[in-house]
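Undergrad: got a sequence here, can you build the structure:
(one chain, ligands or ions: 4)
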Amino acid sequence: MILLNKLVLNSESLNKVLENKTISRENISEIYQNAVNDPTELFSAAQNLREKFKNNTVTFSKKAFFNIVNLCKDTCSYCTYKSEPGEEKLSLMSKQQILELMQLAKKYRCVEALFVTGEQPEQKYQEARDWLKENGFKSTAEYLIHSSEIALELGLFPHTNAGNLSFEEMRELKKTNVSMGIMLENISERLTERGMPHYLAASKRPKARMQVLENSGKLGIPMTTGILVGIGETIEEVIDSILAIRELHEKYGNIQEIILQNFQPKSDTIMKNEPSADEKYFKTIVALSRIIMPEMNMQIPPNLSPKSYQSFLSVGINDWGGISPLTPDFVNPEFAWPEINKVDSDSKNAGFELKCRFPVYPEFVSFISKELRDKMAVIENEEGLVKEEYWR
Ligand SMILES: O=c1nc2n(C[C@H](O)[C@H](O)[C@H](O)CO)c3cc(O)ccc3cc-2c(=O)[nH]1
Ligand SMILES: C[C@H]1O[C@@H](n2cnc3c(N)ncnc32)[C@H](O)[C@@H]1O
Ligand code: MET
Ligand code: SF4
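TA: Numbers count the residues shown, from 1 in each chain. Ligands and ions are numbered 1, 2, ... in the order given. Purely as a prediction, here's the structure:
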C-alpha cells in the first residue's frame, strides 16, 4: 500500500503505476472498473503523476486557425466542419486571404498557424480542382506546403492537420512544420461499420490512420494525435486506442501530445441527436490516459468544457492546445475560446501557472531542423513568448 495525497491505494494496479512500472491492458481495465463508481483514487493518482512530470504548469499555443479548404471526400457522422459546394460555410481560401490572415495573426502576436483541410477534396470535387488551379497548385498538399513557407517567413509556426497525407507529402511539410497532427479518433474497426460514425469515412479506418502515424515516426515529425471521446465507443476501445498510441510512441518516440477531445453534437450532422460526451466518463478517460502514459503531454480543448475546464487540471491534463484570439474553432464553431486572460486566471485559481508554448513542445525541438529552431529563437528573444502582455 502506498500513501498518496493522504489516500491509501488498495489497488495493486495503481500501485504499479506509482512505482513507475508499465501497466498492462489488464491492469488498466482493473483500474477503470475500480473507478467506475468512485473515481477519487484514480483522479488523485493521475494528479500525482501529472505534478511529478509536469510540475504545476499548464501550456497553450496562441494560434490562428486557417480553414484552408473544408470540402472533404469523407463524411464523419459527427463533423460539421465539412462543407458542400454552395453552402454558406464553404471555405476555399485564396493565397491573398491566407496572407491577410497571417498578417493579422502576427499583429495579434500569434505563434502558430494551424492549417486544417478536409480529406483530399480534389479527389471528389471539381470546385476544389478549380480552386487549386486558380491559385496555381496541383494538390491540396502542395498548397499546404506553400502556405507553410509563407507562414514561416512571417514568423508564424505551422502545424498542419490535413488528415491522411502521404509519406512524401509529410516529408515536404516537415521542412516547414514544427509539428503536425492527425487524430487517431479511435482504433476500433467496429466504428467503421454500417450505422457507425466512420462508415462513410475511408480515411478514418484505423489501419490508414496508424499508417500516417507510423510514417510520422519514420520521418521524425513531432506529432499530435488523440482520441475523440463519446462517439459510440466502448471503454475497451478507448483503452486499446491509447495503448496503440503508446506502442507507436515506444517505437518512434515522436508523439508529442495526446488530445482528448469530447464529442459535441452538431445540428447539421447525422449524430445531431446523440448526447455530448458525459463529463465524468470523459474525466475518467483523461485520468486513465495519464496513468497509461505518465510522461505524455495531455491536452483537452478548454472551449469544449466551458464551465469546467479548470477541473481537468486535477485529473491529469497539462495543456489547453491552441487558443485563438482572432479566429473561431471551425470544428466546433458554437464553442468560442475563452479569453487567454481568463484561462490564465482560471488556471491560477486552480493552482497552476499558464505558459505559452510553440506548436512543438520543448522536449521535441531536437526533432526539427536547425533552421526552424533558429527561427523560434528569434521570436523568443525578440518578442518574449512568456511575457504576460504578449498573450493578450
Ligand atoms: O482549434 C482546434 N484545434 C485543433 N487542433 C490544434 C491544436 O489546437 C493545436 O494546434 C496543437 O496543440 C498544436 O500543438 C488539433 C490539432 C491536431 O493535430 C489534431 C486535432 C486537432 C483538433 C483541433 C480542433 O478541433 N480545434
Ligand atoms: C479535427 C478533429 O476535430 C474532431 N471533431 C470533429 N467533429 C467533432 C465534434 N462534433 N465534436 C468534437 N470534436 C470533433 C475530430 O477528432 C477531428 O479529427
Ligand atoms: C475537421 S477534421 C480536419 C482534419 C481531417 N479532415 C481529419 O479528419 O483528420
Ligand atoms: S472530420 Fe475530417 S475527415 Fe471527417 S468529415 Fe470532417 S473534415 Fe472530413
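Undergrad: near ligand 3, which residues of this structure show up?
TA: 72, 79, 81, 116, 118-119, 161, 163, 182-183, 331 (CB under 6 Å from any ligand atom). Using the backbone N, CA and C atoms, a C-beta is placed for each residue, glycine as well.
Undergrad: touching ligand 2 at all, stretch 286-299?
TA: No: Stretch 286-299 stays clear of ligand 2 (CB under 6 Å from any ligand atom), getting no nearer than 12.0 Å.
Undergrad: which members of the residues of the chain next to ligand 3 occur in strands, if any?
TA: Of the residues of the chain next to ligand 3, the ones assigned to strands by DSSP state E are 116, 161.
Undergrad: most neighbours, which of the residues of the chain next to ligand 3?
TA: residue 118 (26 neighbours; other CB atoms under 10 Å).
Undergrad: for whatever residue of the stretch 101-250 of the chain ends up closest to ligand 3, give me phi and psi.
TA: Closest to ligand 3 within the stretch 101-250 of the chain is residue 163: 3.3 Å, counting by CB to the nearest ligand atom. Residue 163 adopts backbone torsions of phi 80, psi -150, taken as degrees, to the nearest 10.
Undergrad: quick one, what contacts it?
TA: Residue 163 is in contact with 74, 117-120, 182, 203, counting by CB atoms under 8 Å, 6 or more residues apart in numbering.
Undergrad: for it, give me the pLDDT.
TA: Looking at residue 163, its pLDDT is 96.
Undergrad: would you mind measuring from it to ligand 4?
TA: Distance of residue 163 to ligand 4, given as CB to the nearest ligand atom, to the nearest Å: 5 Å.
Undergrad: okay, that residue and residue 68: tell me how far apart.
TA: Separation of residue 163 from residue 68 (CB to CB, to the nearest Å) stands at 12 Å.
Undergrad: any idea of the mean pLDDT in the lengthiest helix in the chain?
TA: Criterion DSSP state H: the longest helix present in the chain is helix 235-252. Averaged across helix 235-252, the pLDDT comes to 98.
Undergrad: quick one: distance of that helix to the chain centre.
TA: 15 Å (CA atoms, centre = their mean, to the nearest Å).
Undergrad: what of stretch 368-383?
TA: 23 Å.
Undergrad: quick check: closest non-adjacent residue to residue 261.
TA: Nearest residue to residue 261, sequence neighbours excluded (CB to CB, 6 or more residues apart in numbering): residue 228, at 5.1 Å.
Undergrad: next: residue 373.
TA: residue 365 (5.8 Å).
Undergrad: tell me how many other residues crowd the one you found.
TA: 15.
Undergrad: and the one 5 residues further on, by the same measure?
TA: Taking other CB under 10 Å as the criterion, the count of residues near residue 370 is 7.
Undergrad: what is in contact with residue 163 and residue 68 at once?
TA: In contact with both residue 163 and residue 68: residue 117, using CB under 8 Å, 6+ apart.
Undergrad: which ones are touching the closest residue to ligand 4 within the stretch 201-350 of the chain?
TA: Residue of the stretch 201-350 of the chain nearest ligand 4, by CB to the nearest ligand atom: residue 201 (5.1 Å). Counting by CB under 8 Å, 6+ apart, residue 201 touches 74-76, 119, 192.
Undergrad: then residue 312?
TA: 283, 286, 300, 305.
Undergrad: so which of those residues comes closest to residue 355?
TA: Residue 355 lies nearest to residue 300 out of the contacts of residue 312, by CB to CB, at 16.5 Å.
Undergrad: check which helix or strand the spatially most central residue of the chain maps to.
TA: Nearest residue to the geometric centre of the chain (CA atoms, centre = their mean): residue 259, 4.1 Å. Counting by DSSP states H and E, the element that carries residue 259 is strand 255-262.
Undergrad: ok, and the closest non-adjacent residue to the residue of the stretch 151-300 of the chain found nearest ligand 1?
TA: Nearest residue of the stretch 151-300 of the chain to ligand 1 (CB to the nearest ligand atom) works out as residue 181 at 1.5 Å. In space, and not counting its chain neighbours, residue 181 is closest to residue 224: 3.6 Å by CB to CB, 6+ apart.
Undergrad: how far away is the one you found from residue 180?
TA: Residue 224 is 7 Å from residue 180, by CB to CB.
Undergrad: then residue 302?
TA: With CB to CB as the criterion, residue 302 and residue 180 are 22 Å apart.
Undergrad: ok, the two, which is more surrounded?
TA: A count of neighbours by other CB under 10 Å puts residue 180 above the other of residue 302 and residue 180, at 28 against 24.
Undergrad: which phi and psi does the more buried one have?
TA: phi -140, psi 170.
Undergrad: mind checking how far it is from residue 62?
TA: Counting by CB to CB, the gap from residue 180 to residue 62 is 18 Å.
Undergrad: residue 231 now?
TA: Residue 231 is 29 Å from residue 62, by CB to CB.
Undergrad: what do you get for residue 246?
TA: 29 Å.
Undergrad: how about residue 297?
TA: Counting by CB to CB - residue 297 and residue 62 are separated by 17 Å.
Undergrad: from the opening residue of stretch 26-44 to its closing one, how far?
TA: Taking CA to CA, to the nearest Å, the first and last residues of stretch 26-44 lie 20 Å apart.
Undergrad: how far away from the center of its chain is that stretch?
TA: Per CA atoms, centre = their mean, the centroid offset for stretch 26-44 relative to its chain is 25 Å.
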